[in-house]
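Undergrad: For reference, the sequence and a predicted model appear below.
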Amino acid sequence: MKSCLKEFAKGIFRENPTFVLVLGLCPTLAVSVSVINGIGMGIAATFVLLGSNIIIAMIKNLIPERIRIPCFIVVIATFVTIAEMAMKAYSPALNRSLGIYVPLIVVNCMVLGRAEAYAKKSGILSSFFDGLGMGVGFTWALVLISAIREFFGSGQLVGRTVFKGFEPAFVLGMPPGALLVIGLLLGFFNVLKQRKGQREG
Amino acid sequence: MHDRLVVSTSPHLHAGESTSRIMWLVVLSLVPAGIAGVVIFGLSALGVIALGIASAVFAEALLEALTKRKITILDGSAFLTGLLLTYNLPPNVPFWLPIAGSVFSIAVGKHVFGGLGQNIFNPALVGRVFLIASWPRYMTSFTRPLAYDAVTQATPLAALKEGKSLEGISHLDLFLGLRGGCIGEVCIVALLAGALFLLVMGYISWHTPLSFILTTAAITFVFGPDGLFSGNWVFQILTGGLVLGAFFMATDYVTSPLTRKGQIIFGIGCGLITAVIRLWGGYPEGVSYAILMMNAATPVIDRFTKTRVYGTR
């Protein structure tokens, strides 16, 4: 149980998919204009990650080594289809605003990366916790980036206006703003990591 | 006996120049254009300039204190960045606009890369482009010259883009700066006086500015509004930020090529991009984008124009 907790915790900070592994940047850059989008994308990706990690950990001995990537993709695509259908049925507005980036989770390198780097050589339970940790790590990173961009780029937070009279900087809602915010946050977390490394020697 | 024989490697003579001396002299050379801007647009322009400079210097001090580095606000580089940024702003912007722009220039344009000498892009232009993309409404409304009120007027280049007639403006008006525009870009004669000072002192060379301006003039002349070779190239030189950009921002030591040949390539590239944006782009003016794009190309230019070390092949 303790090791499961460790697998879960590593995705949150130490191996955070966005800020440390720098994986899955395409959806992060594209959908992080509002917190709602960020949460929706985070949950969808977490669901796919959990499903694909569990299934791949189950069938890892059946997959021939040479065609493992197509096999992973088929498993991942199945869960992406489920996620997209569920989103279309229960939250069509969110599905519209995420657009093409929901089906594109299929090629999200974070999901494929976990299958390749973890699930294909680990047990079902630890793969579950690995997927959950990575998913939560991805989600909080997305929420942080989209909160910054939504606040400074449109003056709102979760769709509500925060201050009256605040004139938002449009650029943060546009693609350059995404690169700028992610770049600055990456730098910030790197500094934190370095400081921590120095303290621990 | 030990003290009398000094053995050291070259260079042995110090020319007496320093970064801060050059920075402050560039600031000095920009003063006439600023005075002209204040005369033309009124005291609000002076307020914008002062706020921009103060917040640039403050941001530099704060960032250096936070990162525990030596505080270098007296070297004039932050002062110059703030000054150049505000010269690129319309005279009637809200008070927080120059502050936001200066802080962005210093923080993201300069210190993110490691401070003076490390930045890839001209910090003042980074700030200006950030402001244009963020608050286009304020960055594209210009007050009328000598009116000292909030009456706005399109810049000559914007009017040209919209296909309006330009008959009310003579070349002399443009030369003196009697037109809508940014604070520091309008008065060509004052800018040229400052540029001449820098050229005579040897702080900038003619290579970049001349190739920049000539390229822009040539292309806008060839692809004129009434068929080939009908463009009004004098108008194109005198409007927009071309003179300010060519002499004072494309010649920035940090972000432009080192060799003469490289500087000419840099100038031609800037002129080409400026002319293309002015003639066919979505914006009326393209000097800032042109310089920023060529800033990005500077390392490549430097690499291909590297001079041969004496004695090697």
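TA: That came through, no problem.
Undergrad: Where does pLDDT dip in the chain?
TA: The chain I'm using is chain A. Scanning chain A for pLDDT under 70 picks out A:1, A:201.
Undergrad: should've been chain B
TA: Across chain B, the ranges flagged by pLDDT under 70 are B:1-3, B:149-150, B:165, B:167, B:313.
Undergrad: do that again at 50, thanks
TA: By pLDDT under 50, chain B contains no weakly predicted segment.
Undergrad: and B:Y289, helix, strand or coil?
TA: Following DSSP: H, G, I helix; E, B strand; the rest coil, we place B:Y289 in the helix state.
Undergrad: show me what contacts it?
TA: B:129, B:273, B:277, B:283 (Cβ atoms under 8 Å, 6 or more residues apart in numbering or on different chains). (C-beta placed from N, C-alpha, C; glycine too.)
Undergrad: what's the third one in contact with, if anything?
TA: Looking back up the chat, that one is B:I277. B:I277 neighbours (Cβ under 8 Å, 6+ apart): B:283, B:285-286, B:289-290.
Undergrad: Now a ChimeraX select for only the buried ones of those.
TA: With 16 or more other Cβ atoms under 10 Å in any protein chain shown as the criterion, this ChimeraX line picks the buried residues out of the contacts of B:I277:
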select /B:285,286,289,290
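Undergrad: now, which of the contacts of B:I277 sits nearest chain A?
TA: Distance to chain A across the contacts of B:I277 (Cβ to the nearest Cβ) is lowest for B:Y289, with 12.7 Å.
Undergrad: Look up how far B:M249 lies from that closest one.
TA: For B:Y289, the distance to B:M249 (Cβ to Cβ, to the nearest Å) stands at 12 Å.
Undergrad: before we move on, what about A:C4?
TA: For A:C4, the distance to B:M249 - Cβ to Cβ - is 58 Å.
Undergrad: So the two - more neighbours on which side?
TA: Per other Cβ atoms under 10 Å in any protein chain shown, whichever of A:C4 and B:M249 has more neighbours is B:M249, with 25 against 16.
Undergrad: Does that one touch B:A124 like I think?
TA: Yes. B:M249 is in contact with B:A124 according to Cβ atoms under 8 Å; the separation is 6.7 Å.
Undergrad: Now list whatever residues contact both of those two.
TA: Contacts common to B:M249 and B:A124, judged by Cβ under 8 Å, 6+ apart, are B:L84.
Undergrad: In chain B, which residue is most central in space?
TA: B:M249 (3.1 Å; Cα atoms, centre = their mean).
Undergrad: Show the residue spans covered by the helices in the chain.
TA: Just so you know, I chose chain A. A:2-12, A:25-31, A:35-59, A:68-90, A:92-98, A:109-117, A:124-154, A:175-200 (DSSP state H).
Undergrad: my question was about chain B
TA: Going by DSSP H, chain B shows helices at B:19-41, B:43-66, B:77-87, B:96-104, B:123-134, B:136-139, B:156-161, B:171-176, B:188-201, B:207-222, B:233-238, B:242-244, B:260-280, B:287-304.
Undergrad: Check whether the fourth one comes near chain A.
TA: Yes. Contact between helix B:96-104 and chain A, assessed by Cβ under 8 Å from any Cβ of the partner chain, occurs at B:A100.
Undergrad: Mind listing what's buried along that helix?
TA: Under the neighbour-count criterion of 16+ other Cβ under 10 Å, helix B:96-104 has B:97-104 buried.
Undergrad: quick one: which of the residues you listed is nearest to B:L172?
TA: B:P98 (30.3 Å; Cβ to Cβ).
Undergrad: how about the CA coordinates for stretch A:102-116, as CSV?
TA: This file holds the C-alpha atoms of stretch A:102-116, laid out as CSV (Å, rounded to 0.1, in the frame of the first residue of the first chain):
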residue,chain,number,x,y,z
VAL,A,102,-10.6,15.6,-26.9
PRO,A,103,-10.0,13.0,-29.8
LEU,A,104,-6.4,14.2,-29.9
ILE,A,105,-5.8,12.7,-26.4
VAL,A,106,-5.2,9.5,-28.4
VAL,A,107,-1.8,10.9,-29.4
ASN,A,108,-1.1,12.6,-26.1
CYS,A,109,2.5,11.7,-25.4
MET,A,110,1.8,11.7,-21.6
VAL,A,111,-0.7,8.8,-22.0
LEU,A,112,1.4,6.8,-24.4
GLY,A,113,4.5,7.7,-22.3
ARG,A,114,3.0,6.1,-19.2
ALA,A,115,2.0,3.0,-21.1
GLU,A,116,5.5,2.6,-22.5
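Undergrad: in it, what counts as buried?
TA: Across stretch A:102-116, burial judged by 16+ other Cβ under 10 Å covers A:102, A:105-106, A:108, A:110-115.
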